Structure formats: C-alpha cells, structure tokens
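> Predicted coordinates and the sequence they were generated for:
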Amino acid sequence: MTLDDLAGEALVIELGADDTSALFTLAERITAVNRAQAEFARETLCLGYSVLWPVTTWFYDLDAIFDTRTGHLTPTVLLLRVRDSQGVERDTRLEARSPLWFDRHVPGWRFRLGTPDSPGTPRAWTWLQQTAGSAGGVIALWPPPAVPPVTETWSLIVQCAVQPLPMTDGSHEPFRNVITDTASSAWLRPYHWALAHRAAAELEWLRKDQIAIERQLAQYQGYVQQLVAAKRHRGGRQIITGAREYFRRSGDAAPLSWGGDPLRS
Amino acid sequence: MEFLELWDSEVTRRLSSSDTTRLFTPSRRQAAVNRGAMTFARLTNCCTADAELTDDLLDGQAWAPISTPDSAFYGFSPQGLLVRRTHAVTGQVRDWPLVRRSSEFMDRYRSGWRTWCADPTKLGGGMPEEYVWWPGNFYGLSDEAPLTTWGRDGIVSVFPTPMPSQFPNESWRLVAVQWEVPVTMVADTDRPFVTSSSPSPRELDSYHPALADFAVYQLEKLRRDIAAQDANLKAFNEQVQRYLQTRRQRGGDEVIDTLGSLAAENVPQSLGAFV
C-alpha cells in the first residue's frame, strides 16, 4: 500500500467517513499515518542497521557512531570483529548486560575519567540510555579492550533498530529504512493495514469516540503481536537462559566468568 | 469461487444491499475481497511458494539477500530453506533441507560460525545444515555490499559455509519455501490464493466464502454498523480457526506454528483481534 492508499481509502473505511475538509483533513491523516508507522517500527523493532566502527576505547557515543544518520533507536546486538592478517574475519557476539548487572558483578566499572585496568578481549557490553551530552546514549565494553596483536584488527559491529522514513509522497510505501533508504520492505506488506488502524485511533480522538479508539487500537495490537511472534523462534530453536548462569564460578569457560579479573571480588 | 462471484453476489447477499454507486462501489468491494484474501493468508500462512534465492552457489558463499523487486515474500514456512542439489551427470535434483536457527543459538552453540573471508580456501565448510534469517537489514553493512541488492527483506546466512566443490559434479542453489502474499485478483475469472509458483489450491475452495465475510466486515465500517461488523468478523475468524485446525498434525512430528493463534490470544476476539 502507498501513502495515498493509507491516508485515502483505508482511512475512509476505518473511519467510516470521507470527510477531508472538516475533521479528517488530508494533512491530519498523513500525520497520523506517519506517526503510526513510527510507532509500529518502535514496538516491533522491524528495521535495523549496522555500523562498523574501530575499537579504540571502552565506551562509545552512539551519536558519534551514527553521525549524521539520525533515526537510530535501540542498540540490539554488538559484535566484535577480529580481522587477521590473512583477511579472515571472525565476528563474536558480545553478551548484553544491564548497567545494574555490571554494578553488581563488576565493581569499579563506572570510570568517569581515564581507562579501567585489566584490559582484555571484550566479552560483554551495556547501554547507558540517558547520558549527559548524548541523545543516543553510550555503550560500554567490558573488559576494556586491550591493544590487539599486531596481526589483528578489531572492530565493532553495532546493530541498531532504526526508524522508518516518513512518507511524504503519495507513492511512498511504508517502512523504508531511515538510514539506508532502500525500497520499502516487502516482507512487511501484510502489516501495512495496521497503520490504518493506528491512524484511525488517533483521528477518532477528534470525534471523541472512545469505543472506536479501543477497537482500532486492539486491531492494531493484533498486528504488532503477530509480527513480534513471527520474528520469534519457537520450540527447540530457542535458548532459555537462566539466572543461574550469572553466578557461575570464576574460572569457568562461560562467556561472562571473570576468571582472573582483579576487579571481580 | 471466482473473483466476480465473490465481490458481487456473495458480498451483496451479506450486505443485504445492491448499492454499487454510493457506499459499496465495485472498486471498494474488490479491494475488500482482496484484503480478505491477504488477511486470511497472513493469519493461516496458507500461501506458500518455492523461490530460488541464488544462482549456483560458489565456495564460501554463505549469504544471500532475500529481496526481489516484486517480492510477495513475508516469511519462511516451517520447511524453510533448502539447498537444491543438481547432479550434472545423473541429472538428479535433490532438495536438502536446512534447520532454522536463531542467531542467539548459533552464537552460543556454533562457535566461530561468523567467519568470513574473500578467499574461501581459508574457510572451513562443506554441506550447509542450518540457516539464520535476519529480517530488517540488521546485519547488512553498507560497506560490504551495495544497498540496492542488500537488506530490503533481510538476508539469510547458512552454516557450515557451502563448499560445492567438495561434491563432484554437483551445483547448489538456495531455495526458499516461503510464505507469500496472494496475488491480487483483478479479472472477474481470477481465483483467490494464487502465489508466484502455484495456482489457486483446490484445498482452499471451501474457504473462499470467508473472503466475502471479511469484505463485508470491512464494508460495514462505512455504515458504522458495529453489530454487523462483529458478526462478519466472527464468521471469518471461524473459517480461519477451521483451517488452522485441519492443518494441525497429530503425533510427534507436529510443527508448532503459533502465528495465527497468538494473534487470537493476545487481543480480545470481540474487538476483532484478528485483523
């Protein structure tokens, strides 16, 4: 569906009104559809982007990494790419941990100035969402990266969920990646009508029709839930991670056992 | 049923209205029926098609973009991804199924699986056994491949890295058994649920009236008749459930696929959770 389809016929049907001059003007409709698109992408994290970034320190400002490519939302995955002198690249996923987890298990990690001791190969990362001076937030690696061997180059692959590009032309389809600006994602086409439901809910406020708002939002949520479920792996393909893993003895070969780390008491 | 019968007589009977000039114009009726077909397919995943994702694989070619310009793709069926093996001497063609994994699973249990190199001789590999699908361009780096061919519908990665040269006289291609949005019906004689690789399945004939139910649910919004909307949506949802029930296999080889039922569980059905 295009913007014309969504702001036009789809909303005529969902609102049961073809008014385009009094309450439901075309501008109102387009704004509501674009807002619905942004909300859908935020709830489902359906669009993403990756940036390759050199490893130089132990914390990184996402605003600097994404630079002028605005529209990034939540960092989802961080990978450490090690490239050897043969040109072979090995990507290793770093474990994501919350700042609270670090506070509990890695005492002394909150350096405000300078670099922590005991560098090594990074194995975990965290995201500080609200940080002074950065709208995108800051990601921190742990252990702090050591100087790599001369035969290796280390980089980070930062995967981030991103916003869709707002639709401005009638022929635009929803869900164009705001950074790559490729064509609309075909795999999301079955979900386009969700935007009509969300936009209709938004516009129904103008009529103060609370029941209609609830009906539209319920239908919109049906789409969101289905897409989230569709992205999820079921049964034996899914990993169940228990809290027990967090408390493995030091010296274990587990990804986050800080064997020999002097910061771990 | 053919398209004309669906949008004309079936919809007229359910609407109790032969209006084709004011609210229920032919174009609205047709669009509503087509949307019914798409919604039925989305909730039941009844439209599957085979689609070749690659030409003959080269050694070390572990990635493939899913994008095609007019793709109807919206997900992998449980049959997922196959390696189509063609033997040049015997002429045999065999499909080798791969197991779908999440990237989290691979990172934990397939150490070193994210290894890439332009020179395939530096990589280990052989016959692929597993695959991962990244929707939404999460792993596409702009400096690794041109954006025009990369990332619109995500990419698939197979593991172990394919090495067709280790299998004499064989050529390999990746084939997706994918869910598709059904082809939009235009002509009066068109039938529902046509995909890019198959005609309308006879098995689905008995579900064609559900499209009229859904269309009327849509069109009743123009009259703001909530009771009629709910009645038609209920009829549609019953057909969806009937289809899902008939597709459920008993026994140990059941493939659990909860897309449709999850949508039903999470939102009150009385509010039209399915659409």
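Nice, I can see it.
> What is the biggest strand by length in chain A packed up against?
Criterion DSSP state E: the longest strand present in chain A is strand A:72-83. On a contact count with 3 or more Cβ pairs under 8 Å, 6 or more residues apart in numbering or on different chains; DSSP states H and E, strand A:72-83 meets strand A:48-54, helix A:62-66, strand A:89-93, strand A:124-128, strand A:138-142, strand A:153-162. Every C-beta, even on glycine, is put in place using the N, C-alpha and C of the backbone.
> okay, the ones you listed in a markdown table with distance to B:F167 next?
Shown next, in a markdown table, are the helices and strands packed on strand A:72-83 (distance: least, Cβ to Cβ, whole Å):
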| stretch | distance to B:F167 |
| --- | --- |
| strand A:48-54 | 33 |
| helix A:62-66 | 42 |
| strand A:89-93 | 26 |
| strand A:124-128 | 40 |
| strand A:138-142 | 41 |
| strand A:153-162 | 32 |
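> Out of the ones you listed, which gets nearest to B:F76?
For B:F76, the closest of those is strand A:48-54, at 17.9 Å, according to Cβ to Cβ.
> Output the contacting helices and strands for the closest one.
The contact analysis (3+ Cβ pairs under 8 Å, 6+ apart) places strand A:48-54 against helix A:62-66, strand A:72-83, strand A:153-162.
> Tabulate these in a markdown table, adding columns for mean pLDDT and mean neighbour count.
Formatted as a markdown table, the helices and strands packed on strand A:48-54 follow (pLDDT from 0 to 100; neighbours: other Cβ atoms under 10 Å in any protein chain shown):
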| stretch | mean pLDDT | mean neighbour count |
| --- | --- | --- |
| helix A:62-66 | 83 | 18 |
| strand A:72-83 | 86 | 20 |
| strand A:153-162 | 88 | 21 |
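> give me the low-pLDDT residue ranges for the chain?
By default, I'm working from chain A. A:68-70, A:112, A:132, A:180-184, A:232-265 (pLDDT under 70).
> Chain B was what I was after
Those would be B:67-70, B:136-152, B:249-275, if you go by pLDDT under 70 across chain B.
> one more time with 80, if that's ok
When residues are selected by pLDDT under 80, those of chain B lie in B:66-71, B:135-154, B:248-275.
> residue contacts, B:P209?
Contact analysis of B:P209 by Cβ atoms under 8 Å, 6 or more residues apart in numbering or on different chains lists B:1, B:10, B:239.
> State the helix or strand in which it lies.
helix B:208-223 (DSSP states H and E).
> Quick one: distance of that helix to the chain centre.
Averaging C-alpha positions (Cα atoms, centre = their mean, to the nearest Å) puts helix B:208-223 23 Å from its chain's average.
> What's the first helix or strand after it?
Sequence-wise, the next helix or strand downstream of helix B:208-223 (DSSP H and E) is helix B:226-247.
> what helices or strands is that next one leaning on?
Partner elements for helix B:226-247 (3+ Cβ pairs under 8 Å, 6+ apart): helix B:26-44, helix B:208-223, helix B:259-266.
> Pull the distance from that helix to the chain's centre.
That offset, for helix B:226-247, works out to 21 Å (Cα atoms, centre = their mean).
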